[in-house]
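**Q** kindly return the folded structure for what I paste below:
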Amino acid sequence: MEETEIRERVRRELSPERFRHTEGVVRTAERLALRHGADPEKARLAAWIHDVAREWEWARLVDTARRFEVEPAFFDVPAVLHGPVAAGLAREWFGVDDEDIRNAIRYHTSGRVGMTRLEMVLCLADAIEPGRRYPGVDRLRTVAEEDLERALAESFDATLTYLIAQRAPIFELTVRARNDLWRRVLGADGRGAPLAPNETKDWEERE
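**A** Numbers count the residues shown, from 1 in each chain. Predicted coordinates:
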């Protein structure tokens, strides 16, 4: 399927505001991919599809997730369920069989241990696209120009800080992804990684 067809199909599933966000993620993912050695065409494709189910009613999302046999843990944190559903739709609606693309879509909100470069590109692009407005986003954009892994690790830190403050549920994969990224950035001991001051952001902005 051509990119223009995918774009229009995605547009039909999203509100104008969410579609503008998706357009921002597409542009940001392509730029990060070019800068950090990922495939820019795959990054664009993953970005177009990543939020296709984001605004579905819960019953439809759950029914589709069950049909795709999504892992039970995703159902426990509603904010992450649209990722694996979109990964299933990538194949069913758009004919995407590339596992790296589909995994980037699947884990774009949660992250996971051992993220590929493409997975990191999409996850970070979702957090820092131009439409995002939250404390610390400008720093993340600056760090992302030079260090993809560190920028994503800092983004997860800010997300987790916010969730803890709100007594909100935290998806286990996100904690493990955060720990794995800091080990990759800092070395095996994982020490010496204080949060920069004022780096918190709204979880709703991260989804």
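**Q** helices or strands up against whichever helix or strand M120 is part of?
**A** If you go by DSSP states H and E, M120 is part of helix 117-128. If you count contacts as 3 or more CB pairs under 8 Å, 6 or more residues apart in numbering; DSSP states H and E, helix 117-128 packs onto helix 16-36, helix 40-49, helix 99-106, helix 137-146, helix 148-165. All C-beta spots, glycine's among them, are computed from the backbone N, C-alpha and C.
**Q** and that helix, what's its mean pLDDT?
**A** Averaged over helix 117-128, pLDDT sits at 98.
**Q** and that helix, what's buried?
**A** Buried residues in helix 117-128, defined by neighbour count with 16 or more other CB atoms under 10 Å: 117-128.
**Q** just the CA coordinates for that helix, please, in CSV.
**A** The C-alpha coordinates for helix 117-128 follow below in CSV (Å, rounded to 0.1, in the frame of the first residue of the first chain):
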residue,chain,number,x,y,z
ARG,A,117,17.1,1.6,16.8
LEU,A,118,13.8,1.9,14.9
GLU,A,119,11.9,1.2,18.1
MET,A,120,13.7,3.9,20.0
VAL,A,121,13.3,6.3,17.1
LEU,A,122,9.5,5.9,17.1
CYS,A,123,9.1,5.9,20.9
LEU,A,124,11.1,9.1,21.2
ALA,A,125,9.5,10.8,18.2
ASP,A,126,6.2,10.2,19.8
ALA,A,127,7.4,12.0,23.0
ILE,A,128,9.1,15.0,21.3
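**Q** so what angle separates the directions of that helix and helix 99-106?
**A** 30 degrees (axes from the mean of the first three to the mean of the last three CA atoms, to 10 degrees).
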